[in-house]
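A.B. asks: coords below, sequence missing:
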């Protein structure tokens with residue numbers, strides 16, 4: 001799943017002539033399953049590490065898990081959906097948390113990546 005998400009995002013930016021290095025990406029959902037607060041074995045950890053290693057600017061939001069420890073470091077969730085999405089050029093919705101239903105991209109220069117359904 002890690003490479004699928006990263007490749008999909010990178011292709012989207014490249015298609016519009018943008019470099020992947022330095023783009024703003026938000027990862028939504030830090031837990032390992034829908035609507036729970038357990039980040040252990042979360043698919044987000046490898047995706048976040050991969051995106052950070054590629055030089056992206058990252059924001060994170062987990063309504064149930066407020067932080068995620070990876071091999072690289074601990075990533076902490078911002079306080080709200082609005083804060084997480086403001087300024088981001090792309091959002092990867094890794095879990096289908098019920099509270100994420102109804103969030104939609106504006107379609108103007110955004111690359112929404114809804115990959116997981118929980």
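C.D. replies: Received it, and whenever you're ready, just let me know what you need. For clarity, every value in this text was computed on a predicted model and none was experimentally measured. Numbering: from 1, shown residues only.
A.B. asks: most centrally placed residue in this structure?
C.D. replies: The centroid of the chain falls nearest to residue 27 when counting by Cα atoms, centre = their mean (1.5 Å).
A.B. asks: what's next to the lengthiest helix in the chain, contact-wise?
C.D. replies: The single longest helix within the chain, with elements called by DSSP state H, is helix 2-15. The contact list for helix 2-15, computed with Cβ atoms under 8 Å, 6 or more residues apart in numbering, reads 19-20, 23, 25, 43, 46-47, 50-51, 54, 89-90, 92, 94, 111, 113, 115. For glycine as for every other residue, the C-beta is placed from the backbone atoms N, C-alpha and C.
A.B. asks: C-terminal to it, what's the next element?
C.D. replies: Counting by DSSP states H and E, the next helix or strand C-terminal to helix 2-15 is strand 24-28.
A.B. asks: buried residues in that next one?
C.D. replies: 25, 26, 27, 28 (16 or more other Cβ atoms under 10 Å).
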